[in-house]
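# I would like the atomic coordinates for the input below:
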Amino acid sequence: MSLLQLYHDEAIKVFYEKGGDEEDLYWLVSSILIRYPEHRDELEVRKRLMDLIVQEVDGKVLDAGCGLGILTFRMALKDEVKKAVGIDNSCELINFCNRLRNRITKKAEFLHGDFLEVEFGEKFNCIVFLYMLHDYEPEPFLEKALKILKQEGRIIIGDFDIKGLREKVKAFAQENGLKIVKDITIGKAKTHGDIHEGFLITARR
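This is a model prediction of the structure:
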């Protein structure tokens, strides 16, 4: 069974456990599928970014703002990855990921909390931000990442260039002695009300 099939089946179980019925299910699914044409290009860019990030990582990995945890699990399933930790401030999402952990891989761990406030107690070879930083000013998140990044470690950002995010990331790297080893454009898509470029940046300490 594929990872996405596991997620789908477990999500359906959660839905019914919480009291959902067939009418609720049809309403929810229809409301999402109707909007698919509008979001198709954005989805394709985000999937491509996830694929590229999985190729990049090794050692101990932190997935900041892991959401559903699909990227965390995919990274943890790599032989080159010793452990993948996902953190998110949604207790509901973290509980869902932990439901699946024993069935997918125990190399994935999930923490509930605010990335900026949690004390991790360890350092990481790779720290990943996928489709997260565009909602914030990136500097506090990148500064926190530097504090828990190993020597020769990498910060990997996959996102859309919203509010000048790409240049902000590159400026931070230059100011903090990080070397940009990858800076690529993935494609363009409509998101957040306009057309934006999807990009991947890898910065090495």
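# Just confirm residue 85 contacts residue 113, I think it does.
No. Using Cβ atoms under 8 Å as the test, residue 85 is too far from residue 113 to be in contact (11.2 Å). Where C-beta positions appear, they are placed from N, C-alpha and C, glycine not excepted.
# so how far is residue 19 from residue 13?
13 Å (Cβ to Cβ, to the nearest Å).
# more neighbours, these two?
Per other Cβ atoms under 10 Å, whichever of residue 13 and residue 19 has more neighbours is residue 13, with 11 against 7.
# Contacts only, for residue 63.
For residue 63, the contact set (Cβ atoms under 8 Å, 6 or more residues apart in numbering) comprises 69, 71, 72, 75, 84, 85, 86, 87, 128, 130.
# Now list the buried members of those residues.
69, 71, 72, 75, 84, 85, 86, 87, 128, 130 (16 or more other Cβ atoms under 10 Å).
# got a markdown table for those, with distance to residue 46 too?
Converted to a markdown table, the buried ones among the contacts of residue 63 look like this (distance: Cβ to Cβ, whole Å):
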| residue | distance to residue 46 |
| --- | --- |
| 69 | 15 |
| 71 | 10 |
| 72 | 15 |
| 75 | 15 |
| 84 | 18 |
| 85 | 21 |
| 86 | 16 |
| 87 | 19 |
| 128 | 13 |
| 130 | 8 |
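# Can you flag which of those belong to helices?
Using DSSP state H, the subset of the buried ones among the contacts of residue 63 located in helices is 71, 72, 75.
# Strands of this structure, start to end?
Secondary structure of the chain (DSSP state E): strands located at 59-64, 81-88, 108-112, 124-130, 149-160, 179-191, 194-204.
# shouldn't residue 113 be in contact with residue 87?
Yes. Taking Cβ under 8 Å as the definition, residue 113 is a contact partner of residue 87 at 6.0 Å.
# Would you state the predicted confidence (pLDDT) at residue 38?
Predicted confidence (pLDDT) for residue 38: 89.
# need the contact list for the residue nearest to it when sequence neighbours are not counted.
Closest residue in space to residue 38, ignoring its immediate chain neighbours: residue 190 at 7.3 Å, by Cβ to Cβ, 6 or more residues apart in numbering. For residue 190, the contact set (Cβ under 8 Å, 6+ apart) comprises 38, 41, 42, 196.
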